[in-house]
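pasted the sequence and its predicted model underneath.
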Amino acid sequence: MGLRKLDLTVLNKRPERAQLYTSDSRIRGVRVGPLMIGGGAPVVVQSMCSTDTRDVKTTLAQIHRLVEAGCELVRVAVPDELASAALPDIVKEAGVPIVADIHFHYKRALESIEAGVAKVRLNPGNIGSRDRVKAVVDAAGAARIPIRIGVNSGSMPDDILVRDGYIVTADGMVEAALREVEMLEREGFRDIIVSMKATETKVMVEANRLFRKQSDIPLHLGITEAGLEGYGTIKSSIGIGSLLLDGIGETIRVSLTAEPEEEIKVCWWILESTGVRRRSAELVACPTCGRIEIDLFELTAEVEKLLKGIDLPIKVAVMGCVVNGPGESRDADIGVVGGKGKGLILRKGEIVHTVAEDQLLPMFKLELDKLVLERREEEELAEA
């Protein structure tokens, strides 16, 4: 259907461009199609389609938009036999690994595995007898695909809820996850990923920290039902970001009441702001103050335009005065500092040009182009 294929090999071929950080190599590595989750691999960005999976054309169109936004793994709902029947066409044309989301019927899992999905998301305790669990495990093992166990604060086991007074706790979520893990591991299955998502940020963070102390299984991070873009972005950033800064988490999803493409944008903001992965230039700018003698808003906006399309992990600083500007931009690869009637261009904190205000942006562009060329040449030499 003419969809662009996602070049997932960039994660291995160009680590300096694709990431600044890798997941903990002590964590169990689980392969999902061409991706590795855990085992020292880059943290993977994923989302879920909001379309009716039975509508192949619409679902593929949304997958395509997600891939263009930077999504590396896409989950689709498989509620019935018609949805699983649509999977072969989706898997074939997606250009990205597809995850089947199964809730209760083990046959949907078997059909999804036969259709060629890269991973199945289900909870063994929801699909019935041990024979049914074994059937799914055997099929997943034969196809060499993993299973993600998804514990959600909205669907906790009844006995744990009753015991905890109908309050979702971090301990309860971990217990629920380990129960599901035991069901798979007693059948000899180890290609497992776990998620423990709660609407309460603190509960989600504590649950993942507790689980990490007890298991080397890769963790999928997310705040469930985070809400609309603004508040949901902040809530997800605090929860997911806190764990990433602790070195916890091998794949992430931001769950917003918005188009899924917006989730991907926030995922990358979180990864980039925590220093976990970077796919573009980072722009830092001062917050403005009474010392500023240049239109910093306009200068920053113009610099941002110049950075569009640069897929290198460079750091760019825009500062509004010569008092603190040079020092505050010292760790940037390139910086521009505005002053009264003139300004500075810096490379790694060193002044390389002092120019009139009207030449500040043109000179910055020349130095930026030079920096990008240098980095491209360094890449080529590294790959030779």
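It's in.

so residue 120 sits in a helix?
No - counting by DSSP: H, G, I helix; E, B strand; the rest coil, residue 120 falls outside a helix, being strand.

did I read that right, residue 87 in a helix?
Yes - looking at residue 87 with three-state DSSP, it is inside a helix.

quick check: residue 282 vs residue 273, distance?
9 Å (CB to CB, to the nearest Å). The C-beta positions use only the backbone N, C-alpha and C, and glycine is treated the same way.

likewise residue 149?
29 Å.

re earlier: which of residue 282 and residue 273 has more residues huddled nearby?
residue 282 (16 against 13; other CB atoms under 10 Å).

need the pLDDT of the more buried one.
pLDDT, residue 282: 89.

enumerate every residue touching the residue nearest to it when sequence neighbours are not counted.
What sits nearest to residue 282 in space, not counting adjacent residues and going by CB to CB, 6 or more residues apart in numbering, is residue 315, at 4.8 Å. Shown in contact with residue 315 (CB atoms under 8 Å, 6 or more residues apart in numbering): 281-282, 284, 331-334.

any stretches of the chain with poor pLDDT?
Counting by pLDDT under 70, the chain has low-confidence residues at 1-23.

tell me the centre residue of it?
The residue lying closest to the centre of the chain (CA atoms, centre = their mean) is residue 45, at 2.8 Å.

so the nearest residue to that residue once chain neighbours are set aside is in which element?
Spatially, and ignoring its direct neighbours in sequence, residue 45 is nearest to residue 267 (4.6 Å; CB to CB, 6+ apart). When elements are assigned from DSSP states H and E, residue 267 belongs to helix 260-273.

so what's the residue nearest to residue 45 up against?
Counted by CB under 8 Å, 6+ apart, residue 267 has contacts 45, 47, 70, 252-254.

let's go with 7 Å and repeat that
Counting by CB atoms under 7 Å, 6 or more residues apart in numbering, residue 267 touches 45, 252, 254.

between the residues you listed, which is closest to residue 369?
Nearest to residue 369 out of the contacts of residue 267 is residue 45 (CB to CB; 29.4 Å).

quick one: the most far-flung residue of the chain relative to its centre from residue 293, how far?
No residue in the chain sits farther from the centre than residue 341, which is 42.9 Å out by CA atoms, centre = their mean. According to CB to CB, residue 341 stands 8 Å off from residue 293.

kindly report the same for residue 122.
For residue 122, the distance to residue 293 equals 61 Å [CB to CB].

quick one: which of the two has more around it?
Set side by side, residue 122 and residue 293 show more neighbours around residue 122, with 26 against 15, by other CB under 10 Å.

distance-wise, check that one relative to residue 108.
Going from residue 122 to residue 108 by CB to CB gives 9 Å.

and for the two, which residues touch both?
Shared contacts of residue 122 and residue 108, defined by CB under 7 Å, 6+ apart, comprise residue 102.

thinking again about what came up before, farthest-apart pair in the contacts of residue 315, please.
Maximum pairwise distance in the contacts of residue 315, criterion CB to CB, is 14.3 Å, between 281 and 331.

which of these two has more residues huddled nearby?
Set side by side, residue 281 and residue 331 show more neighbours around residue 281, with 24 against 12, by other CB under 10 Å.

who's in contact with the more buried one?
Counting by CB under 7 Å, 6+ apart, residue 281 touches 307, 310, 312, 314, 316.

quick check: of those, which has the highest neighbour count?
residue 316 (24 neighbours).

and it, what helix or strand is that in?
Using DSSP H and E, the element containing residue 316 is strand 315-319.

now find how far off-centre the helix or strand just after that strand is within its chain.
Reading on from strand 315-319 to the C-terminus, the next helix or strand found by DSSP H and E is helix 325-328. Centroid displacement of helix 325-328 relative to its chain, using CA atoms, centre = their mean, to the nearest Å, is 32 Å.

got a list of contacts for helix 325-328?
For helix 325-328, contacts defined as CB under 7 Å, 6+ apart pick out 286, 317, 319, 337, 344, 346, 349, 351.

which of these lies closest to residue 191?
For those, the nearest to residue 191 is residue 317 (44.0 Å; CB to CB).

contacting residues around the closest one?
284, 328-329, 332, 335 are the contacts of residue 317 under CB under 7 Å, 6+ apart.

show me what the helix ranked longest in the chain is in contact with.
Determined from DSSP state H, the single longest helix within the chain is helix 360-383. Applying CB under 7 Å, 6+ apart, the contact partners of helix 360-383 are 14, 302-303, 306, 310, 312, 314, 333-334, 336, 338, 343, 345, 347, 352-353, 355.

let's see 6 Å
The contact list for helix 360-383 (CB atoms under 6 Å, 6 or more residues apart in numbering) reads 302, 306, 312, 334, 336, 343, 345, 353, 355.

that one: how far from the chain's middle?
28 Å.

stretch 238-257 now?
On CA atoms, centre = their mean, the centre of stretch 238-257 falls 8 Å from the chain's centre.

fine by me, we can end here.
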